[in-house]
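Q: sequence and predicted structure are below.
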Amino acid sequence: MEGQSARVTAVTINVVFRGGITVTQSMTGFARGSVTTGALTVTVECRSVNNRYLDLQCRMPDALRSIENALREQAGKHFSRGKLEMLIRLSNSGSSAPAALSHERLNALKSSLSEVEKAFPNAPTPDSLALLLSPGVLVEEETDHETLHAATLDATRACFEDLHQQRLQEGEKLAAMIRQRSDSMHEHLKGLREQLPALQTAYQQRLLDRLQELDIEAEPVRLEEEIVYILQRADVEEEMDRLDAHLDAIETALAGKAPCGRRLDFLMQELNREANTLCSKSVSLDLTNAGLGLKGLIDQFKEQAANVE
């Protein structure tokens with residue numbers, strides 16, 4: 001180390017992906033940052049996986065424990081969700097300046113040896129190597145903790161920035177897949193709306209045919225009211241309107257600047273609930289199959305949305 005004046009002499013970054021910037025972030029990725037200062041190299045590796053909240057787990061030498069809070073602050077500036085598993089390693093190249101002789105210690109040994117020779121004239125005299133190995137004779141350069149901490153923070157910042165870019169790049173792909181499935185659901189609902197009048201007419205006719213088979217005597221007005229009531233309970237227009245509204249909300253969330261993962265989680269639950277209601281109100285096999293098709297698309301939605309920050 002070269003004291004507080006030591007400067008970063010090399011910075012190397014290794015990541016899996018680089019490039020595209022978008023608002024939507026994924027929660028998965030891996031990055032590595034490395035900073036060399038003097039003979040010491042600080043390497044920071046970070047792996048990110050899905051998590052409901054931001055959870056940073058650090059494995060580091062004890063000499064760096066005092067800056068753990070600063071590392072967590074950096075993580076919070078770059079990410080809002082995800083489990084971050086961070087590993088910090090220190091390595092010494094051995095190319096530092098040689099240990100210096102302590103002349104003060106040598107003089108003290110010389111004085112002590114003179115007294116020993118006077119007291120024990122026949123005692124063997126230690127050789128030069130033995131003197132050098134005496135405690136305190138060779139003074140190695142002490143680690144500059146301030147420089148070490150600064151290098152670690154620089155390596156962590158570089159690692160987090162590249163991880164952030166990687167998560168953005170994967171988030172762009174996720175957003176594209178989610179939009180594709182949203183378009184598929186819109187088309188699915190559009191086709192269902194076109195079929196709905198015919199399905200309702202067929203259901204109404206089945207009710208009338210069934211009443212004729214049962215040969216029930218009833219007032220025409222009362223009978224018409226009951227049929228209208230039954231048809232209203234089986235109407236799924238409201239559910240389809242809400243499904244369309246939730247799909248529009250998904251697009252709004254993806255286009256926003258804030259992390260949207262939790263919002264998407266909520267919308268996935270709402271989509272699933274509306275699809276279940278639609279299936280429960282089904283009065284025909286075609287409507288049931290349409291509802292099941294929607295649920296299949298929603299399951300694909302959920303798999304992708306679970307990766308969004």
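A: Structure received.
Q: all contacts plus neighbour counts: C-alpha atoms, from now on.
A: Fine.
Q: name the spans of the protein whose pLDDT lies under the cut-off.
A: 1-23, 93-100, 129, 131-132, 137-143, 203-205, 207-209, 211-234 (pLDDT under 70).
Q: make it 90
A: Residues of the chain meeting the criterion pLDDT under 90: 1-29, 36-41, 50-53, 61-65, 80-81, 90-148, 166-309.
Q: what about the strands in it?
A: Listed in chain order, the strands of the chain (DSSP state E) span 10-15, 29-37, 40-49, 54-59, 82-92, 100-101, 138-139.
Q: quick one: the helices in the stretch 151-300 of the chain, in order.
A: Counting by DSSP state H, counting those that start in this stretch, the stretch 151-300 of the chain has helices at residues 220-233, 237-255, 261-280, 285-305.
Q: does Thr37 really touch Ala150, like I thought?
A: No - with contact defined as C-alpha atoms under 8 Å, Thr37 does not reach Ala150; the gap is 9.9 Å.
Q: look at the two and report which has more neighbours.
A: Using other C-alpha atoms under 10 Å as the criterion, Thr37 and Ala150 rank with Thr37 on top: 20 against 17.
Q: show me the beta-bridge partners of the more buried one.
A: Leu40 (DSSP bridges).
Q: quick one: it and Glu146, what's the gap?
A: Using C-alpha to C-alpha, to the nearest Å, Thr37 is found at 12 Å from Glu146.
Q: please list all residues in contact with Asp235.
A: By C-alpha atoms under 8 Å, 6 or more residues apart in numbering, Asp235 lies in contact with Gln200, Lys281.
Q: count of residues packed around Gln300?
A: When neighbours are counted by other C-alpha under 10 Å, Gln300 registers 13.
Q: let me fix that: Pro61
A: 11.
Q: next, it: phi, psi?
A: When quoted as degrees, to the nearest 10, the phi and psi of Pro61 stand at phi -60, psi 150.
Q: list the contacts of it.
A: Per C-alpha under 8 Å, 6+ apart, neighbours of Pro61: Ile88, Arg89, Leu90.
Q: can you list the domains in this protein?
A: Here the domain assignment for the chain is 3-96+141-168, 100-132, 171-305, based on automatic domain parsing.
Q: quick revisit: and the helices of the stretch 151-300 of the chain: which comes nearest Leu189?
A: helix 237-255 (6.8 Å; C-alpha to C-alpha).
Q: follow-up on the earlier one: so which of the contacts of Pro61 wins on neighbours?
A: Result: Ile88 is most packed of the contacts of Pro61 (other C-alpha under 10 Å), 20 neighbours.
Q: tell me what that residue is bridged to.
A: Here Ile88, judged by DSSP bridges, has bridge partners Val44.
Q: thought it was touching Thr41?
A: No - assessed by C-alpha under 8 Å, Ile88 is found out of contact with Thr41, at 10.4 Å.
Q: hmm, back to that, now the strands of the chain as a markdown table including distance to Gly293?
A: Below are the strands of the chain laid out as a markdown table (distance: least, C-alpha to C-alpha, whole Å):
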| stretch | distance to Gly293 |
| --- | --- |
| strand 10-15 | 39 |
| strand 29-37 | 32 |
| strand 40-49 | 30 |
| strand 54-59 | 34 |
| strand 82-92 | 31 |
| strand 100-101 | 77 |
| strand 138-139 | 75 |
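Q: deepest-packed of those, please.
A: Most buried of the strands of the chain by mean neighbour count (mean count of other C-alpha atoms under 10 Å) is strand 29-37; its value is a mean of 24.
Q: tell me what it is packed against?
A: strand 10-15, strand 40-49, helix 145-214 (3 or more C-alpha pairs under 8 Å, 6 or more residues apart in numbering; DSSP states H and E).
Q: number of nearby residues for Asn289?
A: 13.
Q: so Gln304 touches Glu172, yeah?
A: No - using C-alpha under 8 Å, Gln304 is not in contact with Glu172, being 11.6 Å away.
Q: what do the two both touch?
A: In contact with both Gln304 and Glu172: no residue, using C-alpha under 8 Å, 6+ apart.
Q: follow-up on the earlier one: include distance to Glu68 when you put the helices and strands packed on strand 29-37 into JSON lines, please.
A: Formatted as JSON lines, the helices and strands packed on strand 29-37 follow (distance: least, C-alpha to C-alpha, whole Å):
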{"stretch": "strand 10-15", "distance to Glu68": "21"}
{"stretch": "strand 40-49", "distance to Glu68": "13"}
{"stretch": "helix 145-214", "distance to Glu68": "10"}
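Q: with that, I have no additional questions.
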